[in-house]
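Q: coords below, sequence missing:
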């Protein structure tokens, strides 16, 4: 496992633990969202993640650079032993999982209603849903 992949796993765990989006971490750490997205999507390039970016990531996580470096080495070692698996899920995967958990809480009648809505979905309904979601995002 590369250092960059270890950083990605550490970031995924941190974001999950703190229920934080990349945008929120961008603001907290000072690393722009484009750079964070490259790390999260295995697009860190031939030169990897710079020391400066690692310092900002460490700062955003509330730790020092040596502490992050120690965490990187520990993550690589655990991966080599097979004690942790590479995580490849994205924000979309997390959202689907969250929705799935919420759907499991519905009773049978609510599930029937939800099923009928899904079956009846058309372009106009999807457009309305898109507008609602965009408005919710703008409220943040």
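A: Looks like it arrived, so ask away. Computed from a prediction, not measured in an experiment: that's the story for all the values here.

Q: any low-confidence regions in this protein?
A: In the predicted model of the chain, residues 43-47, 85-94, 97, 137-140 satisfy pLDDT under 70.

Q: quick check: domain ranges of it?
A: Per the record, the chain has its domains at 3-80, 91-139, by automatic domain parsing.

Q: just name the most buried of those.
A: With neighbours taken as mean count of other C-beta atoms under 10 Å, the domains of the chain reach their highest mean count in domain 3-80, at a mean of 16. C-beta here means a position set from N, CA and C on the backbone, and glycine is covered the same way.

Q: got the residue ranges for the helices in this structure?
A: Taking DSSP state H to define them, one finds helices in the chain at 3-17, 22-29, 33-40, 51-60, 65-80, 91-104, 108-120, 123-139.

Q: residue 37 and residue 7: what is the separation?
A: Going from residue 37 to residue 7 by C-beta to C-beta, to the nearest Å gives 13 Å.
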